[in-house]
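Novice: have a look; sequence and predicted model below, questions after that.
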Amino acid sequence: MQYMGARISSMMKKFAQSDYSGREFQSELLTSDEAWELVKLLAKFPSVVDQAAQEMNPSVVAAYVYDLSKNFSRFYHENQILNNEDKNLDVARIELSKAVLQVLKNAFKLINIQFLEKM
């Protein structure tokens, strides 16, 4: 799980060094099944946190982080995130990756695991 955050952070650095000026996020470009599985999982995060709090059970968040990492790994292997012919697709996929990164950081903080930016 830790390496996933480092992998996404590395992609963010590469993206920041590239020229994507004038490009905006277009959600309609996220058409793969893997992308939509991630979107659905990201939407569940608030309810996962609520469940963990009500049950006083941090393992609920840990299980969610595992599922999110596993699904991001599938997305990463099935979809080229950077260097696509369509630069707008790069932006869409990097924005989805940013959302995953933010949720991972938040979840790790909740379960008191240090987040690693690099390995």
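Specialist: Everything's here; your move.
Novice: which ones are touching the residue most central in space within the chain?
Specialist: Nearest to the centroid of the C-alpha atoms of the chain, with distances taken as Cα atoms, centre = their mean, sits V100, at 1.8 Å. By Cβ atoms under 8 Å, 6 or more residues apart in numbering, the residues touching V100 are 8, 38, 42, 68, 72. Any C-beta I mention is one placed from the backbone N, CA and C, and that applies to glycine too.
Novice: do that again at 10 Å, thanks
Specialist: In this structure, V100 makes contact with 4-5, 8, 38-39, 41-42, 68-69, 71-72, 75-76, judged by Cβ atoms under 10 Å, 6 or more residues apart in numbering.
Novice: kindly report the same for A16.
Specialist: Neighbouring residues of A16 by Cβ under 10 Å, 6+ apart: I94.
Novice: can you check the pLDDT for it?
Specialist: The predicted local distance difference test score for A16 is 88.
Novice: do R23 as well
Specialist: On pLDDT, R23 comes in at 87.
Novice: count of neighbours near it?
Specialist: Here the neighbour count serves as a burial measure; for R23 (other Cβ atoms under 10 Å) it reads 14.
Novice: cool, thanks, signing off.
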